[in-house]
Each structure stands twice: as structure tokens, then as C-alpha cells.
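Colleague: Mind folding the following:
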Amino acid sequence: MRLVLAAASCAVAALMACESPAWAPKTLQICVPGGTFEMGGRTFDPCARLRTGFAACTAAESSEGVWHSVFQTPFGLDRTEVTNLHYRDCVEAGRCSRPQSASVGDAASGSGVYRNYTRSPLYDDYPVVYVSHAQAVDYCGFRGGRLPTEAEWEIAVSGSSEAYSWGDAPTPVTACQADAEAVAFGSCAHGLPFPVGRAKLDRRADVVDLMGNVSEWVLDAWDPLAYCDETSKALYRNPPLESPAGLPPLSDPDALDALCAGQDGCLEACDAERLRCLAACGVCQNTTDDAFETCQKRSYCQQACQVPRSCDCADRGDASRAGCASTCACASSCLEQDFPTSPDPLACDRTCFESTEARCRSSGCLLAGCRTFCGDVLRESNRLCRVRSQADGAPVEVPLILVGAAGLEENHVVKGADYLTRDDDACEVRRSRRRGVAGFASNIGFRCAFDLPPGTTSCP
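Modeller: Numbering: from 1, shown residues only. Below is the predicted model of the structure:
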């Protein structure tokens, strides 16, 4: 008799097909309620990649920032990630091919490697890895289900008011110091996966390990412009085959600006202010901490007003005296205005970018529903797109399965962080994180989703 990871729960039997094929181990399935929710993330530059020198954040980070409303009907979801035991049963039944490697772990972490990981009974309760997107699809079909869509995965994670699974602070270090089994990544994991369900703090509405242990395949194909409307997407050229992580180049920046600008020329003014602000950060990078904020403001005003070296206009000729006085008055007025500064030189660029964006929106320049690119402000346009919605502006109805962008058909979306995520990369442990992957990896697994009977509007 084969061992089982968990008895099947038929609490939602009236709504869900919780019977698996006779030869398969049972697994607990959770009914995830539907409703309208916000998909994507609002944090500009979530991993603070923007630094002096205009270093861009990644295309994936930009794409998740195109937040928008979606409507989701209830669905069933595996409580845990698919385990080695579950997957091995499908292989033995002749319905799945074997994982494409057998060992996992990060020897550099100091804890070594799990040998024969996908085949030894020692690791039956650990998440299966080294399976491709196609293999994951095959397994879920064997179970009578499918992979969850990206939207379904995000709504499953959103069952908590806390920003992170271990609390509100964006670091797991304290949690790991208190309990080594708190989360399945960072200093708790030591570069190795946990048995499914062991991480005590990674629990969202009875679903476990969504934010750690292994990253997870979802059904959608990868498209860095996935959350954009079709009009915006049509303004981009196809991304190059050799750069699946990059954003495609814009074919018509002016047309994209026209979609998002509240008035002619206002976006150029926003860009100019952003560049002056970032230039002020650069001027002040080597200034001592106590004078840094003052330096930022003074440098910004000098550039905004084009202030001469001296504001003593007495020695100037009559023809230039008035202009000199006007310029110096501009600088004086500028210094009296509220200008966002940051005591941390490394955060200066990010602060400038965010504050300029906020002022641009509050002035009505950047229209509602438009999002900006969070990377290189010297790009041909820093607008990203207008967000997708129904024709009448209603939330997008999901499941919505995305097709692959031209040239990237083999890449699919992977969600969540994993056991190789370091403490100082805890910014990656966020609901909205998305990336495109082809092939397979030692830190990518999956779980299955299940359709409920048509017309189901709520969980029991």
C-alpha cells in the first residue's frame, strides 16, 4: 500500500471533484473564495535596484507594477506543493516523465546537498523539483486538474492582511532566530527545501508554502506586458529571442505618451523634473550625511532655475540684471518649497523618482490607469502602458490564461520565492513577484488547481 501525504478533504465535495485516480495518493484541496481583488504590486522598484547611474530595475519588476482589478470565481487549490511521492506515483502509472535531475541543495550555503532527492523515500514529503512546465501540466491533468493561473495564485496568497507571510517587516532574520522552521528560505532554509507544510509562518487561508520552499509554475505564458491593454501592447516591437527577461523596445513612444498624458507636453515636464532630481542626488553622493538633504535641495533648485555661480546681480549690466534677479528669485522660492529628500544616499534616486511620479499624477498629467517604467529614466519613454480592463472599465474576469509573447512562447510565469532566496533578498518574497522561465530548475515546483462546477459563486 502506498503512503499518502494527507487524506483528501471532502468538506467541499459538493463543489469540487476531490477524487483522484484510484492509483494516486490523495491530497488535501482547499476551496479559495472568489471576488474582486487588485493584482500586481504598488511598490515602485520593490528591490531598490534604482541607483545613481540610472541602473534599471528588471523588466519583471516593471511588469508587476501595472496593478489592476480582476474578478475571480471560486476554485480549488492544492493545500501544499506537489511532493516527490505524489509525482512518483504519476511516473509509475505511466502518465508522467521523471524529473530531469535527482539532487537539490546549495553546497555553498554550508548545508550540503540532498542526493537522490526525487527518488529516495527519505524525501517523499518534500516538494518535487526539476520538472518543466509541460511536466507540471501533465501531472495536474493526471489528477483531474490543471495548473493555477497567475491570478488564482495571487488571490490565494492575498488571504492575509500582512505584507509578508512572517509579519510586516521585510526580513525573515528575526523570525528565523526565534524559530528555525518559521519560513522556508533565507537563514531558516540554509539553501535546502523543507518538507511541505513545515514552515510555520508561510500560511495563507489554509494554503501553505506559497511564499517560500519552492517557486511555482502557473498556467500563464510569460509576457512582460501581460497586464497592459492591447492598445498599449501594440506600440511595442517583439522582444528579441535572446532576451526573454527584457522589455521590448517601443516603436512609437509619442503614441504611448498620447494615451497617458492629461495635456500636451506635460509628461516631458515630468521627465525634466525627474532628471533634475536625480542629477541632484548624483552631485551630493559624496556629501557627509548631516549635509546630504540640504545638498539635494540646493542642487535641485540650482538646476531647476539654472542659477549662476553667484546671485549677486549688482555687477551685471543692466541688460542681464533683471534676468539674473529673476533666476535668483526662482532659486530662493524653490528652496522654500517642500522637496522630498532622503538621508540615505542609496535611496535618493528612488525617493526622487517616486516623488516626481506622485506630483505628476496629482497634477493630472499622468492619466488614471497609466503606469510608468521603474527603470532607466533615459529610455526613449519612461511610460510603460495603460492597464488592461474590460471595455466598460470593469475588472478583468479570470481565469485569464495568457498566450506567449512573440519569440517567448517557451517561457512561462513562475511565482513566489524559494529556499535559495537569501535574507538580504527578502524583497523577492512578495505576492506580485513574477518572472518568465523556460526549462526546469532545482528550486521550481508547482501545485494544482481544480475547476468547480459552473455557476459556483462561493465556497461552503
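Colleague: Just the pLDDT at the closest residue to residue 283 other than its chain neighbours, thanks.
Modeller: Leaving aside its sequence neighbours, residue 283 sits nearest to residue 299 (C-beta to C-beta, 6 or more residues apart in numbering; 4.4 Å). All C-beta spots, glycine's among them, are computed from the backbone N, C-alpha and C. Model confidence at residue 299, given as pLDDT, is 87.
Colleague: quick one, domains of the chain?
Modeller: With domains defined by automatic domain parsing, the chain comprises 29-46+63-225+395-450, 246-386.
Colleague: which one of the ones you listed lies closest to residue 234?
Modeller: Residue 234 sits nearest to domain 246-386 of all those, at 8.7 Å, using C-beta to C-beta.
Colleague: What is the end-to-end distance of the closest one?
Modeller: End-to-end distance for domain 246-386, by C-alpha to C-alpha, to the nearest Å: 19 Å.
Colleague: All the helices of the stretch 151-300 of the chain, in order from the start?
Modeller: 173-178, 186-189, 230-233, 253-260, 266-283, 289-305 (DSSP state H, counting those that start in this stretch).
Colleague: Let me have the ones you listed in CSV, extended by distance to residue 95.
Modeller: What follows is the helices of the stretch 151-300 of the chain, written out as CSV (distance: least, C-beta to C-beta, whole Å):
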stretch, distance to residue 95
helix 173-178, 39
helix 186-189, 31
helix 230-233, 37
helix 253-260, 46
helix 266-283, 54
helix 289-305, 62
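Colleague: out of these, nearest to residue 122?
Modeller: Of all these, the one in closest proximity to residue 122, counting by C-beta to C-beta, is helix 186-189 (17.4 Å).
Colleague: Would you mind writing the CA trace of that closest one as CSV?
Modeller: C-alpha atoms of helix 186-189 as CSV (Å, rounded to 0.1, in the frame of the first residue of the first chain):
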residue,chain,number,x,y,z
GLY,A,186,16.9,32.6,3.9
SER,A,187,18.7,31.7,7.1
CYS,A,188,15.9,29.3,8.1
ALA,A,189,16.4,27.1,5.0
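Colleague: Do me a favour and average the pLDDT over it.
Modeller: 88.
Colleague: got the contact list for that helix?
Modeller: Outside helix 186-189, the residues within contact range by C-beta atoms under 8 Å, 6 or more residues apart in numbering are 172-173, 175-176, 180-183, 199, 212-213, 419-423, 426.
Colleague: Residue 330 and residue 264: what is the separation?
Modeller: In this view, residue 330 and residue 264 are 24 Å apart by C-beta to C-beta, to the nearest Å.
Colleague: cool, residue 384 as well?
Modeller: Where residue 264 is concerned, residue 384 sits at a distance of 20 Å (C-beta to C-beta).
Colleague: Could you do residue 65 as well?
Modeller: Taking C-beta to C-beta, one finds residue 65 at 26 Å from residue 264.
Colleague: Surely residue 330 touches residue 305?
Modeller: Yes - counting by C-beta atoms under 8 Å, residue 330 sits close enough to residue 305 to count as a contact (3.8 Å).
Colleague: which of the two has more neighbours?
Modeller: Neighbours per residue, other C-beta atoms under 10 Å: of residue 330 and residue 305, the larger number sits with residue 305, 20 against 15.
Colleague: Settle this for me: that one is touching residue 331, isn't it.
Modeller: Yes - the pair formed by residue 305 and residue 331 meets the contact definition of C-beta under 8 Å, at 4.5 Å.
Colleague: What residues sit buried inside stretch 180-191?
Modeller: By neighbour count on 16 or more other C-beta atoms under 10 Å, the buried set for stretch 180-191 is 182-191.
Colleague: Between the two ends of stretch 102-113, what distance do you get?
Modeller: Using C-alpha to C-alpha, the end-to-end distance of stretch 102-113 comes out at 11 Å.
Colleague: Let's test this: mean pLDDT of that stretch, rounded?
Modeller: 67.
Colleague: what does stretch 117-126 give?
Modeller: Throughout stretch 117-126, pLDDT has a mean value of 91.
Colleague: Give the buried residues for it.
Modeller: Neighbour counts over stretch 117-126 (16+ other C-beta under 10 Å) mark 117-118, 123-126 as buried.
Colleague: ok, residues contacting it?
Modeller: Contacting residues not belonging to stretch 117-126 are listed as 3, 5, 83-85, 87-88, 98-99, 101-105, 114, 128-130, 193-196 [C-beta under 8 Å, 6+ apart].
Colleague: Which phi and psi values does residue 350 adopt?
Modeller: Backbone torsions of residue 350, given as degrees, to the nearest 10, read phi -60, psi -40.
Colleague: From what I see, it and residue 46 are in contact.
Modeller: No - if you go by C-beta under 8 Å, residue 350 and residue 46 don't touch, sitting 10.4 Å apart.
Colleague: related to what we said a few turns ago, quick one: which of the contacts of stretch 117-126 sit in strands?
Modeller: Counting by DSSP state E, the part of the contacts of stretch 117-126 found in strands is 104-105, 114.
Colleague: Turn the residues you listed into a markdown table, including distance to residue 255.
Modeller: Listed next are the ones in strands among the contacts of stretch 117-126 as a markdown table, based on distance: C-beta to C-beta, whole Å:
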| residue | distance to residue 255 |
| --- | --- |
| 104 | 48 |
| 105 | 50 |
| 114 | 53 |
